[in-house]
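Chemist: Structure of the sequence below:
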Amino acid sequence: MTSQLTRALRIGIVLVGAVLAAVVGWILFYSVPDTLADLLGILLVIVTIIIGVRLAGRVAGSIYPEYDVAEVAVEGPISRDGDGPPIPGRGGGTPSDDIVEQIHAATDDSNAEALILKLNTPGGEVLPSDDIRRAAMEFDGPTVAYATDVCASGGYWIASGCDELWAHDTSVVGSIGVIGSSVNAAGLAERLGITYERFAAGKYKDAGNVLKEPSSDEREYLQGLIDDYYDHFVERVADGREMDPQAIRETEARVYLGVDAYDLGLVDHLGTRDDVEARVAELLGRDEVQVREFTPHRRLAARLRGSAQYLTYAFGAGLSSSLENTDGLRFRF
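Modeler: Numbering: from 1, shown residues only. Next up is the predicted model:
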């Protein structure tokens, strides 16, 4: 059924509902308005018409929906609360739980036969990123990830759980890597006369404490954690993208323009948003599709930020995680 015919049928149902509501309201409440009660009756007729139109609109939307594809946007740094790691000059992103909620809403919506994930993110925390990826994988239908400006690190992690990944020629894609960091203030503490006394149970409990120089054993231990996280990242991407893990490792956590990412097999197709919709229509076996964006409530700052703020972060960040302990050690995937 074409979108024009669907729209006409919806309008027809709404008009019929309005007429029926007007008739019912007139019969129930209206007479010659020569008293206050009669005037109140006219107002009740109007209220009944409004209610009838709304009910008819819901019925029409249920019988002849305006959309058959859901779109959910993942924009900005990915974190549980939408704030992201403390990068100066960069706004927050959308809380990951809100994104997951919208994907689940699309999954439960019988009208949404396919899912488009619009990705414009430099990455973010591990578990929130994986929650979004898992939610997309649970969608019962074609899932197409679409990279706009930036799809790096945690964004690429999410995309690896979709059936296809599209990007512009000049999208920034990649950053499949891990970084860990810890401030080392041992020298400064010594100059200031600050000493560190250890009270801990467990050999590595205070590994990465900012007030002490890490031993070679502790460095090896922390690097082992980074290597384990990286292996996990590569494994997930290799499974989702059906790629050779070695080919992923050879990217060395670099970011690429979309055209180069396509040549490396990191992206399935290059194209515009119209091309993405045409591809979804092809996957559903129809001539065209109607897309509805499932949008969570966002703070004003999140809506106003620009994706250019995140470009520098995308070049240096991996799929970041706030696995930060009281000793000041931070790992970022």
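
Chemist: quick one: contacts for the closest residue in space to Arg273 that isn't next to it in sequence?
Modeler: Nearest non-adjacent residue to Arg273, counting by C-beta to C-beta, 6 or more residues apart in numbering: Tyr146, 7.0 Å away. (Each C-beta comes from the backbone N, C-alpha and C, glycine too.) The contact partners of Tyr146, by C-beta atoms under 8 Å, 6 or more residues apart in numbering, come to Ile116, Leu117, Lys118, Leu119, Leu165, Trp166, Ala167, Arg273, Val276.

Chemist: switch to 10 Å and redo it
Modeler: Residues near Tyr146 by C-beta atoms under 10 Å, 6 or more residues apart in numbering: 71, 73, 116-120, 159, 162, 164-168, 171, 269, 271-273, 275-277, 279-280.

Chemist: For burial, what's the neighbour tally of Leu192?
Modeler: 9 (other C-beta atoms under 10 Å).

Chemist: For it, list the residues it contacts.
Modeler: Ala185.

Chemist: again with Asp130
Modeler: Ile78, Ser96, Gly154, Trp157, Ile158, Gly161, His232, Arg236, Leu319, Phe333 are the contacts of Asp130 under C-beta under 10 Å, 6+ apart.

Chemist: if we go to 8 Å?
Modeler: Asp130 sits in contact with Trp157, where contact means C-beta under 8 Å, 6+ apart.

Chemist: By residue count, tell me the biggest strand in the protein.
Modeler: As assigned by DSSP state E, the longest strand anywhere in the chain is strand 143-152.

Chemist: Could you identify the helix or strand that succeeds it?
Modeler: helix 154-159 (DSSP states H and E).

Chemist: re the thing from before, of the contacts of Tyr146, buried ones?
Modeler: The neighbour count (16 or more other C-beta atoms under 10 Å) marks 71, 73, 116-120, 159, 162, 164-168, 171, 271, 276-277, 279-280 as buried among the contacts of Tyr146.

Chemist: ok, back up a step: the longest strand of the chain pairs with which strands, and in what direction?
Modeler: strand 114-121 (parallel), strand 164-167 (parallel), strand 172-174 (parallel) (DSSP bridges).

Chemist: Save the ones you listed as CSV, and put in distance to Arg249 and mean pLDDT too.
Modeler: As requested, these are exported to CSV (distance: least, C-beta to C-beta, whole Å; pLDDT from 0 to 100):
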stretch, distance to Arg249, mean pLDDT
strand 114-121, 23, 96
strand 164-167, 19, 96
strand 172-174, 13, 93
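
Chemist: Those into TSV, with extra columns for distance to Gly202?
Modeler: Listed next are the strands paired with strand 143-152 as TSV, based on distance: least, C-beta to C-beta, whole Å:
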stretch	distance to Gly202
strand 114-121	36
strand 164-167	42
strand 172-174	37
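
Chemist: just the strands in the stretch 201-333 of the chain please.
Modeler: 255-257, 269-270, 291-293, 329-332 (DSSP state E, counting those that start in this stretch).

Chemist: packing partners for the shortest one?
Modeler: For strand 269-270, the elements it packs on are strand 164-167, helix 258-263, judged by 3 or more C-beta pairs under 8 Å, 6 or more residues apart in numbering; DSSP states H and E.
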